[in-house]
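Q: Any chance you could fold what I've pasted below:
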Amino acid sequence: MAEMRSNGNVPFVVIPASHHLLYILGDVEFSKIVTSVTLALTRPFTISQGRIFMQTQNDNPTVILVHGAFADGHAWSRVIPLLQAKGLNVVAVQNPLTSLEDDVAKTKRAIAAQTGPIVLVGHSYGGAVISDAGEDERVRALVYVAAFAPSEGQSVSDLAKDYPTPPGFSHLNADKNGDLTLTLEGVQNHLAQDLTSEDAKLLVATQGPTNGANFVAKIMAAAWTSRPCWYIVSEDDHMLDVDLQKHLAEKLDAKVTSLATSHVPQLSQPQTVADVILAAVEEVRNNAHQERA
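A: Next up, the predicted model:
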């Protein structure tokens, strides 16, 4: 059994006598029979089934976070530092919310800027965005946080039409251009009722006006059909029907976490949301190791 030790700031591994050693440095694979060996490891590594994998930058997935309607990238402010503390590169997309097409294009640009594997995360309406934008070979996993997950050729409204209208949608203001915003009452009592009043006021001030046409626009692809998915159900949700969330999680064959939260669990229970994202990251890493084994 390989034993991990440390000498100052440099971790190393001691392999017992007469073990077969497979290790990977960069993209080069070495295999040999050893009687005893000590490896100094100057980069992160994992050991799986007796094999040592030196992690390159491309082994570590980038997490791309996509906010929903009536929001901006601030919606992920409590999750981002938790992911960064684990050594992950994190990108929070700033959707313009002017159209579904514009939001998908913005997210695709964020995906295109990455060189390694990606875990794509969407909240609420952002689930429709990642479903469409995630049809890229670099996207290896999808995480839906109280989010819509339409099928190809389906819209958010198509998904919601057979379910009760959530009470939060009674607190919208519309301008002459068809852009919608949530009122303070809507945020305090329905979007984020488990946050403080100060938090709710900040969400109102930073929300992105959302064009109403976004909800009836149909997605052109459904990346969830060919990728592992995770789904967080918010059990006290006033913006997305809970039964619809559970139906979507089942449709996606997702690994499900249910939380007693409002529609913004990433703000009210950020550690649990981060843990779900980290589980997806770990599976992406493990799958990459198995592919190379």
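Q: Centroid-nearest residue for this structure?
A: In the chain, the residue lying closest to the centroid (C-alpha atoms, centre = their mean) is residue 121, at 2.4 Å.
Q: these two touch, right, that one and residue 61?
A: No: the criterion here is C-beta atoms under 8 Å, and residue 121 misses it with residue 61 at 11.0 Å. Yep, even glycine has a C-beta here, placed from its N, CA and C like the rest.
Q: element containing the residue nearest to the centre of the chain?
A: strand 118-123 (DSSP states H and E).
Q: Leaving out chain neighbours, which residue sits closest to residue 264?
A: Spatial nearest neighbour of residue 264, excluding adjacent residues (C-beta to C-beta, 6 or more residues apart in numbering): residue 192 at 4.9 Å.
Q: can you tell me how far that neighbour sits from residue 93?
A: Relative to residue 93, residue 192 is positioned 20 Å away (C-beta to C-beta, to the nearest Å).
Q: what do you get for residue 136?
A: As judged by C-beta to C-beta, residue 136 and residue 93 stand 14 Å apart.
Q: coming back round to it: beta partners of the residue nearest to the centre of the chain?
A: In this structure, residue 121 bridges to residue 65, residue 143 when assessed by DSSP bridges.
Q: Have a look at residue 136 and residue 93 and say which one is more surrounded.
A: residue 93 (26 against 16; other C-beta atoms under 10 Å).
Q: and the following helix or strand past the strand holding residue 121, what does it pack onto?
A: Reading on from strand 118-123 to the C-terminus, the next helix or strand found by DSSP H and E is helix 126-133. Here helix 126-133 touches strand 62-66, helix 100-112, strand 118-123, strand 139-145, going by 3 or more C-beta pairs under 8 Å, 6 or more residues apart in numbering; DSSP states H and E.
Q: now the helices: where do they sit in the stretch 151-293 of the chain?
A: In the stretch 151-293 of the chain, the segments counted as helices under DSSP state H, counting those that start in this stretch are 156-160, 184-186, 197-206, 242-251, 265-268, 270-292.
Q: Let's have the ones you listed in JSON lines, adding distance to residue 80 and mean neighbour count.
A: Output for these, formatted as JSON lines (distance: least, C-beta to C-beta, whole Å; neighbours: other C-beta atoms under 10 Å):
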{"stretch": "helix 156-160", "distance to residue 80": "25", "mean neighbour count": "19"}
{"stretch": "helix 184-186", "distance to residue 80": "25", "mean neighbour count": "17"}
{"stretch": "helix 197-206", "distance to residue 80": "15", "mean neighbour count": "15"}
{"stretch": "helix 242-251", "distance to residue 80": "23", "mean neighbour count": "17"}
{"stretch": "helix 265-268", "distance to residue 80": "10", "mean neighbour count": "25"}
{"stretch": "helix 270-292", "distance to residue 80": "9", "mean neighbour count": "17"}
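Q: neighbours around residue 258, how many?
A: Neighbours around residue 258, by other C-beta under 10 Å: 15.
Q: got a pLDDT number for residue 20?
A: Residue 20 carries a pLDDT value of 36.
Q: Likewise for residue 60?
A: Residue 60 is assigned a predicted lDDT (pLDDT) of 87.
Q: I'd say it and residue 88 touch.
A: Yes: Residue 60 is within contact range of residue 88, at 6.5 Å (criterion: C-beta under 8 Å).
Q: so what does the strand holding residue 121 touch, helix or strand wise?
A: Strand 118-123 sits against strand 62-66, helix 100-112, helix 126-133, strand 139-145, helix 270-292, with contacts defined as 3+ C-beta pairs under 8 Å, 6+ apart.
Q: and the angle for the fourth one with helix 270-292?
A: Interaxial angle of strand 139-145 relative to helix 270-292 (axes from the mean of the first three to the mean of the last three C-alpha atoms, to 10 degrees): 160 degrees.
Q: what packs against strand 139-145?
A: Here strand 139-145 touches strand 118-123, helix 126-133, strand 229-234, helix 270-292, going by 3+ C-beta pairs under 8 Å, 6+ apart.
Q: Which one, of those, ends up nearest to residue 84?
A: helix 270-292 (10.1 Å; C-beta to C-beta).
Q: Other residues contacting that closest one?
A: Contact partners of helix 270-292, identified using C-beta atoms under 8 Å, 6 or more residues apart in numbering, comprise 24, 29, 46, 48, 51, 53, 59-61, 63, 78-79, 82-83, 86, 88, 117, 119, 121, 140-143, 145, 228, 230, 232, 255, 257, 259, 265-266.
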